[in-house]
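# Structural data only, the sequence is not supplied:
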C-alpha cells in the first residue's frame, strides 16, 4: 500500500471465512492490545474497536510471498529452509551459524535485513523445530537463542497453543484443566491418546527433541539441481565422495546448457532416519569445473554424519551466474595473469567467507576511516592512500593511550610509556596535522590531530598523535595516543 498504509498504532485485522462464518484470521499488535484475537467473529471485532481497519485475507498471495521470502533466506543463510504455513519459516542452521558469528549474531542480522525491507519478524533458535516454533511465537523479542540444557524448562512454561496442535484440541484440553505444555508432558500418554489420538504425543516428543521430525527443504524449479537415490543406503566416505563427483558432473552439464557457472552449491544428504545433513560451499567467481567443485564439496565431507546410512543425495547450484570465458594469454608479449580464485575458494570455505578479505583505501584523511574490507577478488576502486606521508603497516584500533614527555605545542615526545614500558625517542618527524571531518560529525568541527613518526633507541618505529593542537582544548583533549607500528 506504500504511503497509504495504516500507521503501526492503527488496529488492523484480516478477515476470512471458516465455513459460512466471517472471522478474524490475523490481527496486528494494536488490534490485539485492543482485545481482538484470531478466530473472533468479524462483526464482534468491528463492534469492540472503533476505527478498526479491515482487509480481506488473501491466503494464496500470502503463500506466494512467504515462498519468495523462503527462497531469499535460503540464498543468504541456510540451504535447509522450508515454509511453515501460514506465517512461518523453518531454517536448519546447523553448521552455518559460525559463518555469521554465532547463532545470536545470525538471528540479529536476519532481523536487520528484514526490517530494512519493512518486514517484522520474531526469531528463535532451539535444539528442535517444535521448540523454535513455540519460542518464536511466545518468548522471542525479537530474537532468542535457547541452550541445549534449558529446553525442557523453557517448554514447560509455554501455553499449549504453542504446541502446533489442530485448532480444536487446545479448547478441549483447556476444559480438562491443561494450560501449560509441561502439564501435558507430565501426564500419562494412554488417557490422552485414547481421547485425542496420537497427535499430542507426537508433538510433545518433537518439541522436546525425543523424536525426529521430517524436513522437506524448498528447491525452486528454476534452480539447477540434480538428485541421486540409492537402492541401498551408503555411508563410507569414499563412496560418498565418488557419488559427489558423479552429481557435480551432471550439474555442470546442466549449467553448461544454460551458460551459467556456480557461485554457491548446496549438497544435501537425506538419511534413513529422516534427518538431513547439509554442506554449503561458495566460489569467488562463477565456476563450472567439475574437478574444482568436487574438491570443494569433498573437503566438507568430514563434517557429515551419515548415521545409519544415506538414501538420497542432491546437489543444487542455488546461486548461479553467467559464465564468460576469458581468452588465455597468447604468449606474444601479453602478461600472464595468475588465477588465485581456486585458492581463495578453498580458504574461504574452510575459515568462513567473512574471514577472508583484503584491504582497500577509502577517501578519508582520518586513518581509521581510510581503509575498508573488500572481497579478495573485488576490482580496484581507483583510490590510493596518501603518498606524501608514509603510513604504518599495523594500525591499532582503537588507538592506545600513552604517557609522554613533550614540549607544547609543536615538539614530538622526548619519551613515552606504552604498555608499561618506557621508550626514549631517538629520532622523530612531524607534525602532520589532520583535521576532523566536520561534514560527517558536527563534534569534529574544531577537532585536530598532530601525528609524529618516532623511532626509539632500539630502532622500533611508531606512529603517535596528540588529540588537539597543543593549545586550545576545543581542538581536543591534548592527550597522546599510539596509533600504529611501522614494520
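Sure, I can see it. Remember, it's a predicted structure, so these values are computed and weren't measured experimentally.

# So for residue 147, what's the pLDDT?
For residue 147, the model assigns a pLDDT of 84.

# again with residue 433
91.

# For it, list each beta-bridge partner.
residue 450 (DSSP bridges).

# measure it to residue 401 for me?
Counting by C-beta to C-beta, to the nearest Å, the gap from residue 433 to residue 401 is 20 Å. Any C-beta I mention is one placed from the backbone N, CA and C, and that applies to glycine too.

# What of residue 149?
42 Å.

# So for the two, which residue has more residues nearby?
A direct count of neighbours by other C-beta atoms under 10 Å for residue 149 and residue 401 places residue 401 higher, at 13 against 8.

# Secondary structure element for the spatially most central residue of the chain, which one?
Geometric centre of the chain, nearest residue: residue 106, 4.0 Å, by C-alpha atoms, centre = their mean. In the assignment (DSSP states H and E), residue 106 maps to helix 103-116.

# Run through who's touching that helix.
73, 76-77, 93, 96-97, 100, 120-121, 123-125, 142-145 (C-beta atoms under 8 Å, 6 or more residues apart in numbering).

# repeat for stretch 160-176
39, 130, 133-134, 137-138, 178-181, 183-184, 196, 199-200, 203-204, 207.

# Run through the strands of the stretch 1-150 of the chain in chain order.
Counting by DSSP state E, counting those that start in this stretch, one finds strands in the stretch 1-150 of the chain at the ranges 12-18, 21-27, 53-56, 80-84, 88-92, 123-125, 143-145.

# what about the longest helix in this protein?
helix 237-258 (DSSP state H).

# Parallel or antiparallel, list what pairs with whichever helix or strand comes after that helix.
Using DSSP H and E, the next helix or strand after helix 237-258 towards the C-terminus is strand 260-271. In the sheet, strand 260-271 lines up against strand 276-287 (antiparallel), strand 310-322 (antiparallel) (DSSP bridges).

# Return the subset of the contacts of stretch 160-176 lying in helices.
Among the contacts of stretch 160-176, DSSP H puts 130, 133-134, 137-138, 181, 183-184, 196, 199-200, 203-204, 207 in helices.

# now, which of these sits nearest residue 68?
When those are compared for distance to residue 68 (C-beta to C-beta), residue 133 wins out at 20.8 Å.

# Domain-wise, how is this protein divided?
As recorded under automatic domain parsing, the domains making up the chain are 2-57, 83-207, 225-322, 394-485.

# Quickly note the distance from the residue sitting furthest away from the middle of the chain to residue 414.
Note on the chain: the largest C-alpha distance from the chain mean falls to residue 407, namely 50.9 Å (C-alpha atoms, centre = their mean). Distance, residue 407 to residue 414, by C-beta to C-beta: 8 Å.

# what does residue 168 give?
For residue 168, the distance to residue 414 (C-beta to C-beta) stands at 85 Å.

# again, but for residue 123
57 Å.

# of these two, who's got more company?
Taking other C-beta under 10 Å, residue 123 and residue 414 do not tie; residue 123 has more neighbours (21 against 13).

# hang on, that one packs against residue 143?
Yes. Counting by C-beta atoms under 8 Å, residue 123 does reach residue 143; the two are 4.9 Å apart.

# so where's the protein uncertain?
1-5, 325-337, 382, 385-387 (pLDDT under 70).

# at 50 instead, please
Along the chain, no part satisfies pLDDT under 50.

# contacting residues for residue 373?
357-360 are the contacts of residue 373 under C-beta under 8 Å, 6+ apart.

# what do you get if the cut-off is 10 Å, keeping everything else the same?
354, 356-360 (C-beta atoms under 10 Å, 6 or more residues apart in numbering).

# In a strand, it, correct?
Yes. Note on residue 373: a strand contains this position according to DSSP: H, G, I helix; E, B strand; the rest coil.

# For residue 355, see how far away it is.
10 Å.

# One more: residue 446?
Distance of residue 446 to residue 355, computed by C-beta to C-beta: 39 Å.

# In terms of neighbours, single out the busier of those two.
Each of residue 446 and residue 355 has its neighbours counted (other C-beta under 10 Å); residue 446 has more, 15 against 10.

# got a list of what residue 155 touches?
126, 128, 130-131, 134-135, 138, 146, 162-163, 180-182, 185, 204, 207-209.

# what helix or strand does it sit in?
Going by DSSP H and E, residue 155 is in helix 151-156.

# before we move on, what about residue 209?
Counting by DSSP H and E, residue 209 is found in no helix or strand.

# before we move on, what about residue 430?
Counting by DSSP H and E, residue 430 is part of strand 421-435.

# Then residue 484?
Per DSSP H and E: strand 480-485 holds residue 484.

# name the helices or strands packed onto that strand?
Secondary-structure packing of strand 480-485 (3 or more C-beta pairs under 10 Å, 6 or more residues apart in numbering; DSSP states H and E): strand 394-406, strand 413-418, strand 448-456, strand 461-467.

# can you give me the angle the third one makes with strand 480-485?
Right, the one you point to is strand 448-456. Strand 448-456 and strand 480-485 are oriented at 60 degrees to each other (axes from the mean of the first three to the mean of the last three C-alpha atoms, to 10 degrees).

# And for the last one?
The directions of strand 461-467 and strand 480-485 differ by 140 degrees, with the same axes, to 10 degrees as the criterion.

# Also the second one?
Per the same axes, to 10 degrees, the angle that strand 413-418 makes with strand 480-485 is 80 degrees.

# So which elements touch strand 413-418?
By 3+ C-beta pairs under 10 Å, 6+ apart, strand 413-418 packs against strand 394-406, strand 421-435, strand 448-456, strand 461-467, strand 480-485.

# ok, now the third one?
With contacts defined as 3+ C-beta pairs under 10 Å, 6+ apart, strand 448-456 has these neighbours: strand 394-406, strand 413-418, strand 421-435, strand 461-467, strand 480-485.

# mind redoing it with 6 Å?
Under the contact criterion of 3 or more C-beta pairs under 6 Å, 6 or more residues apart in numbering; DSSP states H and E, strand 448-456 touches strand 421-435, strand 461-467.

# now the longest one
With contacts taken as 3+ C-beta pairs under 6 Å, 6+ apart, strand 394-406 sits against strand 413-418, strand 480-485.

# Not counting it itself, show me its contacts.
368, 413-418, 480-485 (C-beta atoms under 6 Å, 6 or more residues apart in numbering).

# Any of these buried? List them.
413, 416, 418, 480-484 (16 or more other C-beta atoms under 10 Å).

# Check those residues and tell me the two furthest apart.
413 and 484, at 15.1 Å, using C-beta to C-beta across the buried ones among the contacts of strand 394-406.

# Could you find the closest non-adjacent residue to residue 46?
residue 52 (5.8 Å; C-beta to C-beta, 6 or more residues apart in numbering).

# Distance of that neighbour relative to residue 14?
On the measure of C-beta to C-beta, residue 52 and residue 14 end up 12 Å apart.

# repeat for residue 61
11 Å.

# what's the answer for residue 485, then?
61 Å.

# Could you turn the buried ones of the contacts of helix 103-116 into a PyMOL selection?
Buried subset of the contacts of helix 103-116, written as a PyMOL selection, criterion 16+ other C-beta under 10 Å:
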select buried, resi 73+77+93+96+97+100+121+123+124+125+142+143+144+145
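
# just the contacts of helix 103-116 now: which is nearest residue 381?
The shortest gap between residue 381 and any of the contacts of helix 103-116 belongs to residue 76, at 24.6 Å (C-beta to C-beta).

# what sits against residue 322?
So residue 322 contacts residue 259 (C-beta under 6 Å, 6+ apart).
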